[in-house]
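Novice: Based on what follows, work out the 3D shape:
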Amino acid sequence: MEKLRIDKWLWAARFYKTRSLAVEEIDKGRVRVNDVEAKPAREIKVGDTVMLRQGPVIRTLVVRGISNQRGAAPVAQLLYEETADSLALKALAVEQRRLGLEPASSLEHGRPTKRDRRDIDKAWGDRWSASTD
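Specialist: Residues are numbered from 1 along each chain as shown. The predicted model follows:
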């Protein structure tokens, strides 16, 4: 087997749990093959470069094997090789997430109590907008 549809390959290489999820991501423009936006029926071959956006991380892969069967994870990892730049960007993204602030830490007092809510309503009065006119 020399060529395979990109959606089948992404499924077999375990980047997506189902082929339909792979098709959705391809249709959203999150997958590129050889710097060209891909379509689900696009055929790939050994040596092609696949750019894949998963959340904030962009992965660049070189196709090393073709398989239309989804196998075990160690076997699936033999189908591609991630570039050194991609690995560095992934490590940087992990470090930034680790050092990032906890979103809940910006909340000072949490949800207002019933009394706080009544006070807020009194302060607003009959106004429905923040503008003063």
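Novice: Next, the buried residues of the helix of greatest length in the chain.
Specialist: What stands out as the longest helix in the chain, according to DSSP state H, is helix 84-99. For helix 84-99, the neighbour count (16 or more other CB atoms under 10 Å) marks Ser86, Leu89, Lys90 as buried. Every residue, glycine included, has its C-beta placed from N, CA and C.
Novice: Am I right that the first one is in contact with Arg59?
Specialist: What it means is Ser86. Yes. If you go by CB atoms under 8 Å, Ser86 and Arg59 touch, sitting 5.1 Å apart.
Novice: hang on, the earlier thing: tell me the mean pLDDT for the longest helix of the chain?
Specialist: Across helix 84-99, the average pLDDT comes to 90.
Novice: Poorly predicted segments of this protein, please.
Specialist: 1, 104, 106-107, 130-133 (pLDDT under 70).
Novice: In it, what residue spans correspond to strands?
Specialist: 3-5, 31-33, 36-37, 43-45, 49-54, 57-63, 80-82 (DSSP state E).
Novice: would JSON lines of those with distance to Arg70 be doable?
Specialist: Below are the strands of the chain laid out as JSON lines (distance: least, CB to CB, whole Å):
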{"stretch": "strand 3-5", "distance to Arg70": "12"}
{"stretch": "strand 31-33", "distance to Arg70": "18"}
{"stretch": "strand 36-37", "distance to Arg70": "25"}
{"stretch": "strand 43-45", "distance to Arg70": "16"}
{"stretch": "strand 49-54", "distance to Arg70": "17"}
{"stretch": "strand 57-63", "distance to Arg70": "16"}
{"stretch": "strand 80-82", "distance to Arg70": "14"}
